[in-house]
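Student: Return atomic coordinates for the entry below.
(3 chains)
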Amino acid sequence: MSSTVLSPPRHYLNDGYGVKSWLLTRDHKRIALLYLAGVTFFFFVGGAMAVLIRLELATPPGDLVSDETYNKLFTMHGVMMVFFFLIPAIPAVIGNFLVPIMIGAKDLALPKINLLSWYIYMVGGLFTLYALIAGGVDTGWTFYAPFSTASSTTNVIPTALGIFITGFSSILTGLNFIVTIHRMRAPGMTWFRMPLFLWSIYATSLINVLGTPVIAITILLVAAERLFHFGFFNPALGGDPVLFQHLFWFYSHPAVYIMVLPAMGVISELVAAGCRKPVFGYTFVAFASLAIAVVGFLVWGHHMFVAGESVYAALIFSILSFIVAVPSAVKVFNWTATMYQGAVSWETPMLYAYGFIGLFTIGGLTGLFLAAIGIDVHVTDTYFVIAHFHYIMVGGTIMGYLGGLHFWWPKMTGRLYNEGLAKVSAVIIFVGFNLTFFPQFSLGYLGMPRRYHAYPPEFQVLNVLSSAGASILGIGYLIPMIYLMWSLRYGRLAGSNPWGAVGLEWTTTSPPPTENFETTPVVTWEAYDYGSTVEGHVA
Amino acid sequence: MWTGIPLFPETASTMASRVDALYLFLLGVAGFFSLLIAGLIVFYAVRYRRQSPRSVGATIHGSVTLELTWTIIPFLITMVIFIWGASVFFAMARPPDDTLDIYVVGKQWMWKFQHLDGQREINELHVPLGRPTKLIMTSEDVIHDVFVPAFRVKADVLPGRYTNIWFQPTKAGRYHLFCAEYCGTRHSGMIGEVVVMEPTEYQAWLSGGPEGSLAENGAKLFESLACNTCHRPDAQGRGPTLDGLFGKMVKLQSGETITADEAYVRESILNPSAKITAGYQPIMPTFQGLVTEEQLLELIEYVKSLQAPPVAAR
Amino acid sequence: MPDAAPHALPDAAHHSLSQPTQAEVALAHQFDSLEQQRDATTLGMWVFLVTEVLFFGGLFTVYSVYRSSYPEAFAAASHELDILLGTINTVVLITSSLTMALAVHAAKVGQRKALIAFLVVTMLLGSAFLGIKSVEYYHKFVEHHVPGPGFQFEQEYFRHAQLFFSLYFMMTGLHALHMVIGVGIMLWMVAWAWRGTITAEYYSPIEISGLYWHFVDIVWIFLFPLLYLLGRHAH
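Tutor: Here you go, the predicted model:
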């Protein structure tokens, strides 16, 4: 497709060299790469924990590590993955890079706040790393009271502080995106001409801004109780431990939508570009994102069906949990329908998109099991739940993240990666993932509880399958690290539009100049307007 | 390979088959939609595979009819699941009236079971086959959870409160009991067994128990803690009489009326000023720290055992 | 919900050979006009204040739950707070919001001296608030109402009064922290006003700081009745 591709002479990567030009940058694209480094690091720390967990669980007795160590492993795995990888990854890496470009702006509305939010993220991460090195924390990432406030003897407060601090990073990023999307769109870029990725980011930012403060105050209450023995959650002092759960889940349920909505946004882009046609039902998909964000705030009690909430509260949360599934289903149907009469690509980003749609469907359907209280009573706090959320977080979010990374890698770096290796990795990841987590549904229904270091022997076969899958999955994640890094130096140069896709980001050079565009684009076309030629529209 | 991999736990209670039925229905729905989507994706990916580097797809924007269809039908399916799940849940949440009650105290990292007639068990719970049984549970420290997969029941066990589950065993045998709420270092060691016995065997086992039922021990405590100086059967004491109180409605000083259940009795012992009976002074001292969880259970059982006084002139 | 059509094509920047105007200096590179910059930064502050509502809201929820569970203990504990000092503080804070609004107005019409004066008065009132709060905290310490091993209260309400005071210190403490930050922001604005950075064309930093200050005031308007005025009506 390309003749001789030349690298643009001036772009954001060579616009200033040296550590200071990176650590004091205001350029959203450089900040995105700073985040990329951060989230990748924390992903592998959390991943290392997972490796140890699955190694331990290959045999019934707790013979690899002590039970204290095991409890610290799954806690840190959860904390690292949730707060330092899944929540920031797509918004802060892909979102930061693309949001200004996709709306035709020179940068986000508040670039200095953007840089500040990266520093806050790193400081929070350092606090949490300190807690890890100083002996770890064993409360579970959900740090329920009164165990976390009155019983655990591990580094609860440094970890809590780390999460508290990083929360501000999410809040500021969300705030920045909201302001940018409202106020910085290029001439002609109306709301309904925006790529669907921006709708997802907008919905995610709403949740970030409304939900994160509640976990912040919850953490402060836990820290205060631990330090000063206040008694908010301690029955002996008049407090209520179930109140903690309400506060915690009021944020942490919407948090899972923070984790999956951006991935859904990526998938919309991948499917449109991979089929070279508009996403089917654009308006419905856009509003579905908002619906998920709003209704997602109303379902937190489905984590507490057996925790002591009233029968009536349980019923309300159950019905709302079913309702929140519907917009997600609508999106899945729309993406599938987009493929009909498309010019369907089998390139790597598209493979990740297929994987996402299939695995997210399974994960979402198993959510229906959990929303049905009669079933939830049996499977909550078992491996069924673990399987469910890993299908969404790993089968969903991480595949969306990798797909997006591969799709926009040429734009971000100006280089193409090795397509053969990339395809093979995608398949390895897909196979490894399913082998790891599908057996866990059965394990959960059989009754194996979560957070168990040792288990009765009849659970072993399924555990061994799962651990075998995990080893494959781990390899699958390592390979992209290698070929992506390799491409930075030796990859073929990418042109401005290696995929033949439509979107403002493909009208500028790869890598883009610091101001993103030579001249401010004026948008007169609808999103995903492939027309009858592949060139699409160029400003 | 398949014979070696268990997929379903034992079905050992009346609820189990109800839960399994809903589960199978959900498996069907999930399987159907997963295969549908996966199948369509594979089919479209093959059928419409990009033929040349420059080809584009057909410009199709959408269809309101399709959107409505695939919004309304999934919504209706979810409502069916909701109603079914709710109905199973109602059955779980409403124990029958004549249950055999057993008290459970969870603490890091063990289970203590107290039968009403005084039998005490640690980590092992004997119950009779076919009898609806209710576990009334509390924790001495952090949140735990009683989970018996074979019965398909689970509930958190909270400090400072009573929670309960009920089940009716349908098959004799030994079944796992797990703690299913992470509670610290030996969480995965906080496991036990439920032993379901034929009724005659259960009776035999029961009668081998120690002296003193819960209620009898409670009576002794009632005296040794001097409760009887204010709470007298002749209603002349400074505190309300407790005879026949349990299970009745009580009018409080605040004007509210509440039921005298286990939680009320427990609270009145530990935090007497919380609910003052109408017409009485708030002078009862608190026994917080002076009674253990087990002693509280004994006192509760004693109060339960007190009959209403014969109707007589005051 | 969707905005009207966004901004018109940007004016070609006029590359004059003379010194840039104050407005041009103030315009950040990612914006096309000062108006867009002002709109964006103001929206940013409003969004931030929404996060603060949720933050304090969580704490208020905890308070409300326990207040409805233990009304008498909370009323008894609330009675021990100094309502005179609390009322004075309320007046001080409301007045400071007035002076803040006057500062914004002065900035709008380009009155530099008045702007600085009103900012300074706002800071002084804010500091007075913090000073009175410290006095109240000191009283609580002396009366053994600080939760912890030294806590003393009548036996009947002991546990739940301690809960009340835990909430009191957390709520007023967080509020005071926000006040301290607010006074810091005022200082920063005084510096900018002094240096002439704030003009009649570019005064949005003052406006935005004002929004923050008013918000902190509003939080107190909620805190005061919830904490100080429980059960003050005759029993």
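Student: And the residue of the stretch 101-250 of chain B that's closest to chain C?
Tutor: Going by CB to the nearest CB, chain C is nearest to B:Gly160 of the stretch 101-250 of chain B, at 11.5 Å. Where you see a C-beta, it was placed from the backbone N, CA and C, and this is true even at glycine.
Student: ok, that residue - contacts?
Tutor: A:Pro235, A:Ala236, A:Asp240, A:Pro241, B:Thr138 (CB atoms under 8 Å, 6 or more residues apart in numbering or on different chains).
Student: before we move on, which element is the last one in?
Tutor: In the assignment (DSSP states H and E), B:Thr138 maps to strand B:133-139.
Student: How about that strand and chain A, any contact?
Tutor: No: no part of strand B:133-139 sits near chain A under the criterion CB under 8 Å from any CB of the partner chain; the closest distance found is 9.3 Å.
Student: which stretches of chain C form helices?
Tutor: Taking DSSP state H as the test, the helices found in chain C are C:22-26, C:34-69, C:71-79, C:83-108, C:112-142, C:158-195, C:204-228.
Student: which helices and strands does the lengthiest helix in chain B pack with?
Tutor: When chain B is parsed with DSSP H, its longest helix is helix B:14-47. Using 3 or more CB pairs under 8 Å, 6 or more residues apart in numbering or on different chains; DSSP states H and E, the elements in contact with helix B:14-47 are helix A:311-339, helix A:348-371, helix A:373-379, helix B:64-93.
Student: In JSON lines, list the ones you listed along with mean neighbour count.
Tutor: Listed next are those as JSON lines, based on neighbours: other CB atoms under 10 Å in any protein chain shown:
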{"stretch": "helix A:311-339", "mean neighbour count": "22"}
{"stretch": "helix A:348-371", "mean neighbour count": "25"}
{"stretch": "helix A:373-379", "mean neighbour count": "26"}
{"stretch": "helix B:64-93", "mean neighbour count": "17"}
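Student: Compare the ones you listed and report which one is nearest to chain C.
Tutor: helix A:311-339 (13.9 Å).
Student: Hmm, which of the contacts of B:Gly160 is lowest in pLDDT?
Tutor: Model confidence across the contacts of B:Gly160 bottoms out at A:Ala236, which has 85.
Student: mind listing what the residue in chain C that chain B sits nearest to touches?
Tutor: Going by CB to the nearest CB, chain B is nearest to C:Glu156 of chain C, at 4.9 Å. By CB under 8 Å, 6+ apart, the contact set of C:Glu156 is B:Ser273, B:Pro282, C:Ala73.
Student: Could you do A:Leu132 as well?
Tutor: Residues in contact with A:Leu132 (CB under 8 Å, 6+ apart) are A:Val45, A:Met76.
Student: From chain B, how far out is it?
Tutor: 18 Å (CB to the nearest CB, to the nearest Å).
Student: pLDDT score assigned to that residue?
Tutor: Reading off the model, A:Leu132 has pLDDT 95.
Student: which residues does the nearest residue in space to B:Ser13 that is not next to it in sequence contact?
Tutor: Counting by CB to CB, 6 or more residues apart in numbering or on different chains, B:Ser13 lies nearest to B:Phe151, which is 3.9 Å off, once chain neighbours are set aside. Shown here is B:Phe151, whose contacts under the criterion CB under 8 Å, 6+ apart are B:Ala12, B:Ser13, B:Met15, B:Ala16, B:Phe167, B:Pro169, B:Tyr175, B:Val194.
Student: ok, 7 Å please
Tutor: By CB atoms under 7 Å, 6 or more residues apart in numbering or on different chains, the contact list for B:Phe151 reads B:Ala12, B:Ser13, B:Met15, B:Ala16, B:Phe167, B:Pro169.
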